[in-house]
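1. got a structure for you, letters missing:
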């Protein structure tokens, strides 16, 4: 076994050893650790910013696109938001031990279904150092232990944030190994995590680009909670009100173009394209968005460039939007079914029946009516943050918060019953 392999196996063993202590820790102890974490993040803000500056300089030298730099960059405001998110998780109702169902059988046995931690989670992510704090907080809130592996581009930032995480664990008397961070950019570390580290890992969560998720799903020897790219659509139904359509689409695309909830394709009902599209396109262009349309869309908005076949089903993560005119709701749903990733899709409509049909037809993790796709965020759902948006259909789907990081067990109480 290589030195790295031995180090990774040791990390797994330490995580498994820490899991029992975290699982049985009281909600109050875990809350105290989270609050101490948030304080440490604020206290270490200057060091975190300095480390982030090193990551940005290195990434620019390596030719990283500015859209990705935006995901990587931290500011004093973003660090405060990171700390505030940890505070929010600290205050969030603890899911561990919550009874979700209870019943009594005719023989007198009492059954309860109770939430319990999954165990050891390995979380692999790219580019966004705030995930280090988010993942640590959500794993601890749900009674789990975490092994984190960030992208090489945010390693310095993540190491600085991890120091604050460890400080919080230490302050509450929890094992420092409850949240570990792989401290090498060596890609072989990912391969080691995919093996499960000798049975130490209970669940893998990849949060990143399509190639990362595909590799994890193809090679992992342990269960995977998938987080695919956000190929999201907003569909303007013929009944849409033009002002609402304009405001929702501009926000859905341009609020933050680098997040997975950003709309990447605009679909417009042919029956109302002449009424809706010119004003919506004008607002998008004024906001700095490049539009790539099909022939019908370009006939209405000549400023658009021609969309290529590759633009449908593409996650731009940039101020670029594909635009297609479609022949009604059924055609819109068919387009989403063919090109979407099952992440987040929205309809803007005044017609309630049409909206209900869209919400039923489109089988994505999140479907919205008259609201921006940028609401695809665990905090906006009231989940106290998220580790990602799951596009899986098993275990958890949509925003993965603390509750979604638990499993359950059955607690059965009797009075001496024996089975005949």
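-> Thanks, I have it. Not measured: the values here are computed from a predicted model.
2. Now for residue 189, how many residues are close by?
-> 20 (other Cβ atoms under 10 Å). C-betas here are computed from N, CA, C, even on glycine.
3. how near is residue 192 to residue 135?
-> Applying Cβ to Cβ, to the nearest Å, the value for residue 192 to residue 135 is 18 Å.
4. Please, where are all the strands along the stretch 1-150 of the chain?
-> 99-104, 110-117, 120-125, 145-149 (DSSP state E, counting those that start in this stretch).
5. Is it possible to get CSV of those strands that adds distance to residue 50?
-> Below are the strands of the stretch 1-150 of the chain laid out as CSV (distance: least, Cβ to Cβ, whole Å):
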stretch, distance to residue 50
strand 99-104, 45
strand 110-117, 35
strand 120-125, 22
strand 145-149, 21
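6. Could you dump these into TSV and include mean pLDDT?
-> Listed next are the strands of the stretch 1-150 of the chain as TSV, based on pLDDT from 0 to 100:
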stretch	mean pLDDT
strand 99-104	98
strand 110-117	98
strand 120-125	96
strand 145-149	98
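7. quick one, which of those strands is nearest to residue 256?
-> strand 120-125 (17.3 Å; Cβ to Cβ).
8. Neighbour count for residue 192 and residue 135, which is higher?
-> Regarding residue 192 and residue 135, a neighbour count based on other Cβ under 10 Å identifies residue 135 as having more, with 28 against 24.
9. Next, the contact list for the more buried one, please.
-> 123, 125, 146, 148, 387 (Cβ atoms under 8 Å, 6 or more residues apart in numbering).
10. Can you name the residues that contact the third one?
-> Which is residue 146. 15, 120-123, 135-136, 139-140, 178-180.
11. Repeat that for residue 152.
-> residue 185.
12. same check, this time on residue 311
-> Residue 311 neighbours (Cβ under 8 Å, 6+ apart): 265, 292, 322.
13. From residue 265, how far out is it?
-> From residue 311 to residue 265 the distance is 8 Å (Cβ to Cβ).
14. shared neighbours of the two, which are they?
-> residue 322.
15. close enough to count as contact, residue 192 and residue 3?
-> No. Applying Cβ atoms under 8 Å as the test, residue 192 and residue 3 come out as separate, 11.5 Å apart.
16. Verify the stated contact: residue 306 with residue 293.
-> Yes. With contact defined as Cβ under 8 Å, residue 306 reaches residue 293; the gap is 7.2 Å.
17. what bridges to residue 113?
-> residue 101, residue 410 (DSSP bridges).
18. That one and residue 101, how far apart?
-> When residue 113 is compared with residue 101 (using Cβ to Cβ), they lie 4 Å apart.
19. same deal with residue 127?
-> In terms of Cβ to Cβ, residue 127 sits 40 Å off from residue 101.
20. More neighbours: the two, which one.
-> residue 127 (23 against 10).
21. doesn't residue 158 make contact with the more buried one?
-> No. Counting by Cβ under 8 Å, residue 127 stays clear of residue 158, with 10.4 Å between them.
22. Would you mark the buried spots in stretch 375-390?
-> Within stretch 375-390, the residues that qualify as buried are 375-379, 383-390, counting by 16 or more other Cβ atoms under 10 Å.
23. Same check on stretch 317-327?
-> Quick answer for stretch 317-327 (16+ other Cβ under 10 Å): 317-326.
24. Restricted to strands, list the residues you listed.
-> Among the buried residues of stretch 317-327, the members found in strands (DSSP state E) are 320-326.
25. Out of these, which two sit at the greatest distance?
-> The farthest-apart pair in these, when distances are taken by Cβ to Cβ, is 320 and 326, at 19.4 Å.
26. mind checking how far the residue nearest to residue 269 when sequence neighbours are not counted is from residue 2?
-> Residue nearest to residue 269 in three dimensions, not counting chain neighbours: residue 238, with 4.2 Å by Cβ to Cβ, 6 or more residues apart in numbering. From residue 238 across to residue 2, the span is 61 Å (Cβ to Cβ).
27. what does residue 262 give?
-> Applying Cβ to Cβ to residue 262 and residue 2 gives a distance of 40 Å.
28. Compare these two (neighbour count), which wins?
-> Shown here are residue 262 and residue 2; by other Cβ under 10 Å, residue 262 has more neighbours (26 against 10).
29. For that one, what are phi and psi?
-> Note on residue 262: its backbone torsions stand at phi -70, psi 140 [degrees, to the nearest 10].
30. repeat for residue 183
-> According to degrees, to the nearest 10, residue 183 has phi -100, psi 20.
31. Can you name the residues that contact it?
-> 155, 159.
32. quick one on the thing from earlier: out of the strands of the stretch 1-150 of the chain, which comes closest to residue 66?
-> strand 120-125 (20.1 Å).
33. hey, where'd the strands end up in the stretch 201-350 of the chain?
-> 203-207, 232-236, 263-269, 290-293, 305-306, 320-326, 344-348.
34. residues contacting residue 170?
-> residue 176.
35. Can you read off the pLDDT for it?
-> Residue 170 is assigned a predicted lDDT (pLDDT) of 98.
36. same deal with residue 227?
-> 74.
37. Distance-wise, check it relative to residue 85.
-> Residue 227 is 18 Å from residue 85, by Cβ to Cβ.
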